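Participant: Predicted model, plus sequence, below.
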Amino acid sequence: MVPWVSGSMRNIKLTIAYDGTDFSGWQAQPGQSTVQGALGDVLEKVTQRRLTIYAAGRTDAGVHAAGQVVNFKTQSALAVEEFQHAFNALLPPSIRVNDAEEVGPDFHSRWDALAKTYRYRIFRGRVVPPFLWKYVQHDAHELNFDAMAEAARHFIGEHDFTTFAASTGSEEDDRERMTVRTIYQFDLQRMAPANSHHSAEEWVFVVRGKSFLRHMVRKMVGTLVDVGRGKLVPGDLPELLALRDRSKCGPTLPPHGLCLEKVEYPDPANSLASSD
């Protein structure tokens with residue numbers, strides 16, 4: 001028997017991590033394996049209701065998450081710890097619920113997000129270790145790190161990112177969508193990967209912004225790689241932004257190097273305790 005609280009709707013917030021390799025993205029799609037679909041199936045088993053689960057970011061196929069935030073509303077009387085235990089017992093091991101809490105009725109994982117941080121990893125060694133290949137893009141060619149880091153700074157601030165956004169698939173929707181976004185931080189870091197040859201190195205692109213357009217991070221990083229190869233110079237970035245022409249940006253890098261690292265909310269995030 002599923003415990004219920006008659007007439008009382010609760011809002012449950014989950015912080016989850018997943019390996020996106022085998023999923024067709026976050027959003028549920030008929031006949032496709034998705035993160036939202038997997039969570040929804042478990043939630044239906046637990047509550048006997050098909051409930052809507054909202055996410056801070058709708059990650060694409062193959063994109064990973066270390067700190068995705070989701071929420072759903074339910075009349076179930078299960079404790080949040082029981083929800084977390086049930087999810088982790090019934091979900092595939094590629095999805096884990098790291099935290100569960102009850103929040104105020106107005107909290108929404110997407111609309112209340114103040115910032116999201118993404119990381120894109122490029123492995124620079126000659127041979128990618130087998131335990132890394134699903135999470136890094138391999139590029140061992142000569143690249144100018146300093147030029148890429150300089151170019152990345154041009155993305156910081158409020159800009160129209162049409163040049164760096166994939167089409168929605170509809171010309172009408174493309175014309176009507178808002179393409180102005182704010183980037184708070186764009187850093188390029190050199191890191192030595194654990195358990196790899198001492199000469200190997202990872203270049204990690206850390207992007208923190210209010211929100212992002214479809215494929216935006218992968219297109220920005222792809223453009224920075226073109227800077228690293230000498231196809232562009234850092235001073236070209238302002239012109240590319242001003243052109244608002246998707247055909248002018250660099251390549252869209254593969255999804256497996258991208259991870260949604262963290263989502264930030266007002267403190268406290270409309271928690272139930274703070275609303276008493």
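Facilitator: Looks like it arrived, so ask away. Residues are numbered from 1 along each chain as shown.
Participant: State the distance from residue 78 to residue 46.
Facilitator: 7 Å (CB to CB, to the nearest Å). Quick note: C-beta positions are derived from backbone N, CA and C, even for glycine.
Participant: Check residue 67 too.
Facilitator: 23 Å.
Participant: can you check residue 237 too?
Facilitator: Per CB to CB, residue 237 is found 48 Å from residue 46.
Participant: Of those two, which one has the most company?
Facilitator: Neighbour totals were compared for residue 237 and residue 46, and residue 237 leads with 23 against 19 (other CB atoms under 10 Å).
Participant: so what are the domain limits for this protein?
Facilitator: 10-112, 115-261 (automatic domain parsing).
Participant: which stretches of the protein have low pLDDT?
Facilitator: 1-7, 168-176, 193-199, 268-276 (pLDDT under 70).
Participant: residues touching residue 211, list them.
Facilitator: 113, 116, 181 (CB atoms under 8 Å, 6 or more residues apart in numbering).
Participant: Save those residues as TSV, and put in neighbour count, secondary structure and distance to residue 264 too.
Facilitator: Listed next are the contacts of residue 211 as TSV, based on neighbours: other CB atoms under 10 Å; DSSP: H, G, I helix; E, B strand; the rest coil; distance: CB to CB, whole Å:
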residue	neighbour count	secondary structure	distance to residue 264
113	19	coil	7
116	24	strand	7
181	19	strand	16
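Participant: Mind listing what's buried along stretch 211-221?
Facilitator: Within stretch 211-221, the residues scored as buried using 16 or more other CB atoms under 10 Å are 211-213, 215-221.
Participant: I meant stretch 227-243, not that one.
Facilitator: Quick answer for stretch 227-243 (16+ other CB under 10 Å): 227-229, 232, 234, 236-237, 240-241.
Participant: And the residues you listed, which two are furthest apart?
Facilitator: 229 and 241 (19.8 Å; CB to CB).
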